[in-house]
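Asker: Need a 3D model of the sequence below.
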Amino acid sequence: MLIDPSDSRPWDAQIAYRLIYPLRNTFVTPNYLTTLRLFFGLLAGFFFSIGEYLYSNAGACCFVFSNFLDHADGELARLKNETSIKGHTYDLISDALVNIFLFIGISIGLIHSSLGFYALPIGIVAGVSVAAIFYTRNKIEKEIGKNKARQPFKSGFEAEDSLYILPIITYYKLEYYFITAAAIGAPIFYFFVIRSYLILKK
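Answerer: Numbering: from 1, shown residues only. Here you go, the predicted model:
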């Protein structure tokens, strides 16, 4: 059984733990997985930037795999007792780059849509806002503890898990609505992250 209802971790973290468990005594390090996560994340952005249907679907699949690996590297680090500040920093930089490149890639691919060149600033706003959310949440975790800073979580899902629906979005050619919603929703969500930080810090 890949998911344990009694486990407080998100379902993708639980699955990642079980899948990478055999790697605990191998040469594979957490940074290997982080690098793989970064590669597939940047590849996703590149595929989206081409702006063609098949490439967009390939980009969505690459991103989902990259997002899943984001949990796998942390789980492997704990299994091998190889957690480190440098590794965590590398993970954070990878998170930021993958999310920024995802939204910029989508926006470049949409330049020939009705959004025109407005697509690019819209993508930048969405990507930078998502990266800022990750950065700020990490800052909160360092200052007040991970449990108190935990992001919205329900039935095994976290807020960021909504990105797993990206292949559905590309399959139905909904990137236009996705990037627009992200450019509006991500800054608003970032505001609430800052607000939560100020409340919890009191």
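
Asker: which residues of this protein fall in strands?
Answerer: Secondary structure of the chain (DSSP state E): strands at 153-154, 157-158.

Asker: In terms of mean pLDDT, which of those strands ranks lowest?
Answerer: Among the strands of the chain, strand 153-154 carries the lowest mean pLDDT, at a mean of 57.

Asker: Give me the contact list for stretch 68-87.
Answerer: Contacts to stretch 68-87, defined as Cβ atoms under 8 Å, 6 or more residues apart in numbering, come from residues 10, 12-13, 15-17, 19-21, 23-24, 28-31, 33-34, 36-37, 40, 91, 94-95, 98. Yep, even glycine has a C-beta here, placed from its N, CA and C like the rest.

Asker: at 6 Å instead, please
Answerer: Residues outside stretch 68-87 that contact it (Cβ atoms under 6 Å, 6 or more residues apart in numbering) are 12-13, 16-17, 20, 24, 30-31, 33-34, 36-37.

Asker: cool, stretch 53-64 as well?
Answerer: With Cβ under 6 Å, 6+ apart as the test, stretch 53-64 has contacts from 40, 43-44, 47-48, 102, 164, 166-167, 170.

Asker: Pipe these into TSV and attach distance to residue 182, pLDDT and neighbour count per row.
Answerer: Listed next are the contacts of stretch 53-64 as TSV, based on distance: Cβ to Cβ, whole Å; pLDDT from 0 to 100; neighbours: other Cβ atoms under 10 Å:
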residue	distance to residue 182	pLDDT	neighbour count
40	20	98	20
43	20	98	19
44	15	98	27
47	18	98	24
48	13	98	32
102	9	97	29
164	14	92	15
166	11	97	25
167	16	97	16
170	14	98	24
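
Asker: Return the member of the residues you listed nearest to residue 196.
Answerer: residue 164 (23.4 Å; Cβ to Cβ).

Asker: Spit out the contact partners of the closest one.
Answerer: Contacts here follow Cβ under 6 Å, 6+ apart; on that basis residue 164 touches residue 64.

Asker: gap between residue 48 and residue 55?
Answerer: 7 Å (Cβ to Cβ, to the nearest Å).

Asker: between the two, what contacts are shared?
Answerer: By Cβ under 6 Å, 6+ apart, no residue touches both residue 48 and residue 55.

Asker: closest to residue 190 among the contacts of stretch 53-64?
Answerer: Nearest to residue 190 out of the contacts of stretch 53-64 is residue 102 (Cβ to Cβ; 16.4 Å).
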